[in-house]
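A.B. asks: no sequence for this one, just the structure:
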């Protein structure tokens, strides 16, 4: 009996040593390999926009959330309800007071927001700008569309649609800088790459559906042979499509290229009334904004003076989030999910 | 005796249940939270350059390795020993045959390398280009310096050094596109932002120290009042510094701005003979190339047709890896580590 008892204790003892050994071994293996990139779920990264409810930001937020999920950190989404710099400044001030791990912001007005953005950076919060930048601020990076290049791509698509010949026009919002860039990229490319094409008119559509429809009607009257219209924003594109449909008989071959991927525009692409629309890399803006902020936050946590004395920054200056041409063939990939 | 035996077995049993329970609990907690970004150490990401031994790539490779270590994946570094497109193509072919998880390549010749790069993409290997691109290839992204912007920054620094007044000259390598862009950015900025400054001459330094020294000597003779010289590459900068030192008496106030951060240039910055040099974001090129490849590889592993049918890409078109101005004040941060 005494012997049996000893055997039991011995066996159980060996088993325990085995378990302990296994656990120690497992730990030491982990130490040899890298742990991977994994943040703290308590760390909050905040995305800030204006006109917070519009469709356009949905895909940006999805990218922001996707990256946060992968990295095991938390996100919040705030912004001004209107196109209002003072409102956005107030929102940003409130966010700064909570000391988040990072802020990605699309500035409603680059000049008015600069001071508040700098305040965030000076208080040690990483800030990146997306979609609409503030070039004179201390933010670490800008992620957005190269609008000139978007115009270049639109011109090439237009040439493909019209067989590289004919008269085309642009409906844009001249006082907005990014729309001016799209217009320039389009015009310059037609001039330099397609000698048999000509931009015959550039009209102000005021970023408004009705104004753009009226502008398109005037164009169709003045240039009955018009082969294409490039609308630099989506309200304009819908207005142009309405005008062309109304005067359909005489202009059935007119090609429309629009901008962005709100549901109204995508539906018209699907119906064949808009030939193509230029999709911005909105998911990329969100995903890579968070990825950069995560990197900056980690560096600043390890050493809060990490970026003093003009040390090289670990994030790019500028990220061109890309432009895609959406046509009937691939339109289904672009509806908001 | 029998009772004591029972008590022992009971105690040990309870202890084992506790251990088991603890382990199960630990696992279930992990499942609730995200695992973080962590790759497979068996996955190899390959960085490919030309003139593989030069200092310039060291910091790119460091960035590539830093990201790989964080993400628990492996890297290899290959390339042509010379500035030779055929040699680089052969190296790339060999790498493709081994089916790595991703390839980041700096193309020695954008046209000649395009076909081989496309072959890699078509066989399902993610490819990004860095530093020197191949714009017509199917590579997913380009990460490098915006050379025009580098010229703009150099011009602003030059204006700061000369008090916004006087005559300046450029020594460059006219037949190289990136050097032409640096020259254009510099000239345009002087013209548009600094009315009291003038670019009086642009000379060919052939990317060579001796040729650049001779060009600088000619400049110093022809323009005895010259206030500054911008050299668009580092051999030229060293040549200019030699020329200025030789004729020191009459030109002690001439400001030199050079390019890149090889040891020779940094030493001259430290000695005060070169006022500033433009540092490219080389670490960023490596770090963000690997980060993008990791993302692409994961998507393609989950679905090998992930990017067919013109789906939006999860990586940016173009990443401007930034430019820093290096002066005596921050030069110590830029020596290769």
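C.D. replies: Done, it's in. Predicted model, so just to flag it, every value in this text is computed and none were measured. Residues are numbered from 1 along each chain as shown, chains lettered A, B, ... in the order given.

A.B. asks: how is chain A carved up into domains?
C.D. replies: Following automatic domain parsing, one finds the domains of chain A at A:44-145+A:282-322, A:147-280.

A.B. asks: Tabulate the ones you listed in TSV, adding columns for mean neighbour count and mean pLDDT.
C.D. replies: Backbone N, C-alpha and C define where each C-beta goes, glycine included. Formatted as TSV, the domains of chain A follow (neighbours: other Cβ atoms under 10 Å in any protein chain shown; pLDDT from 0 to 100):
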stretch	mean neighbour count	mean pLDDT
domain A:44-145+A:282-322	20	95
domain A:147-280	20	94
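
A.B. asks: Next, format the ones you listed as a markdown table and append distance to chain B.
C.D. replies: Written out in a markdown table, the entries for the domains of chain A read as follows (distance: least, Cβ to the nearest Cβ, whole Å):
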| stretch | distance to chain B |
| --- | --- |
| domain A:44-145+A:282-322 | 4 |
| domain A:147-280 | 7 |
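
A.B. asks: so residue A:329 touches residue B:310, yeah?
C.D. replies: Yes. With contact defined as Cβ atoms under 8 Å, residue A:329 and residue B:310 form a contacting pair (7.2 Å).

A.B. asks: State the distance from the nearest residue to residue A:98 once chain neighbours are set aside to residue A:282.
C.D. replies: Leaving out its chain neighbours, the residue that sits closest to residue A:98 by Cβ to Cβ, 6 or more residues apart in numbering or on different chains is residue A:44, at 7.7 Å. Separation of residue A:44 from residue A:282 (Cβ to Cβ, to the nearest Å) stands at 22 Å.

A.B. asks: same check, this time on residue A:57
C.D. replies: Taking Cβ to Cβ as the criterion, residue A:57 is separated from residue A:282 by 8 Å.

A.B. asks: Contact partners for residue A:284?
C.D. replies: Applying Cβ atoms under 8 Å, 6 or more residues apart in numbering or on different chains to residue A:284 gives the contacts A:63, A:143, A:319, A:321-322, B:312-316.

A.B. asks: would you say it is within a helix?
C.D. replies: Yes. Membership of residue A:284 in a helix is supported by DSSP: H, G, I helix; E, B strand; the rest coil.

A.B. asks: from the chain's centre, how far out does stretch A:146-153 sit?
C.D. replies: Distance, stretch centre to chain centre, for stretch A:146-153: 15 Å (Cα atoms, centre = their mean, to the nearest Å).

A.B. asks: err, stretch A:52-59, not the other one
C.D. replies: Between the mean C-alpha point of stretch A:52-59 and the mean C-alpha point of its chain there is a distance of 10 Å (Cα atoms, centre = their mean).

A.B. asks: what sits up against it?
C.D. replies: Defining contact as Cβ under 8 Å, 6+ apart, one finds that stretch A:52-59 is touched by A:49, A:77-81, A:106, A:260, A:262-263, A:282-283, A:286, A:336.

A.B. asks: Endpoint to endpoint, it covers what distance?
C.D. replies: One end of stretch A:52-59 to the other measures 13 Å (Cα to Cα, to the nearest Å).

A.B. asks: show me where the stretch 1-150 of chain A has helices.
C.D. replies: If DSSP state H, counting those that start in this stretch is used as the criterion, the helices of the stretch 1-150 of chain A fall at A:2-32, A:56-71, A:85-97, A:110-122, A:147-162.

A.B. asks: want to throw these into a markdown table with distance to residue B:100?
C.D. replies: Output for those, formatted as a markdown table (distance: least, Cβ to Cβ, whole Å):
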| stretch | distance to residue B:100 |
| --- | --- |
| helix A:2-32 | 23 |
| helix A:56-71 | 22 |
| helix A:85-97 | 42 |
| helix A:110-122 | 39 |
| helix A:147-162 | 30 |
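
A.B. asks: give me every residue that touches residue A:114.
C.D. replies: With contact set as Cβ under 8 Å, 6+ apart, residue A:114 has these partners: A:134, A:136-137.

A.B. asks: same deal with residue A:94?
C.D. replies: Contact criterion Cβ under 8 Å, 6+ apart gives residue A:78 as the residues in contact with residue A:94.

A.B. asks: Tell me which helix or strand residue A:277 sits in.
C.D. replies: For residue A:277, the element it lies in under DSSP states H and E is strand A:276-280.

A.B. asks: Give me the helices and strands touching that strand, please.
C.D. replies: Strand A:276-280 sits against helix A:147-162, strand A:255-259, helix A:263-270, strand A:323-326, with contacts defined as 3 or more Cβ pairs under 8 Å, 6 or more residues apart in numbering or on different chains; DSSP states H and E.

A.B. asks: which residue sits closest to the residue nearest the centre of chain A in space, ignoring its chain neighbours?
C.D. replies: The geometric centre of chain A, computed from its C-alpha atoms, lies nearest to residue A:282 (Cα atoms, centre = their mean), at 2.7 Å. In space, and not counting its chain neighbours, residue A:282 is closest to residue A:59: 4.0 Å by Cβ to Cβ, 6+ apart.

A.B. asks: ok, now residue A:71?
C.D. replies: If the residues on either side of it in the chain are set aside, residue A:71 comes closest to residue A:39, at 4.8 Å by Cβ to Cβ, 6+ apart.

A.B. asks: So that neighbour is in contact with residue B:36, correct?
C.D. replies: Yes. Here residue A:39 lies in contact with residue B:36, judged by Cβ under 8 Å, at a distance of 7.5 Å.

A.B. asks: hey, what's in contact with both of the two?
C.D. replies: Common neighbours of residue A:39 and residue B:36 (Cβ under 8 Å, 6+ apart) are A:71-72.
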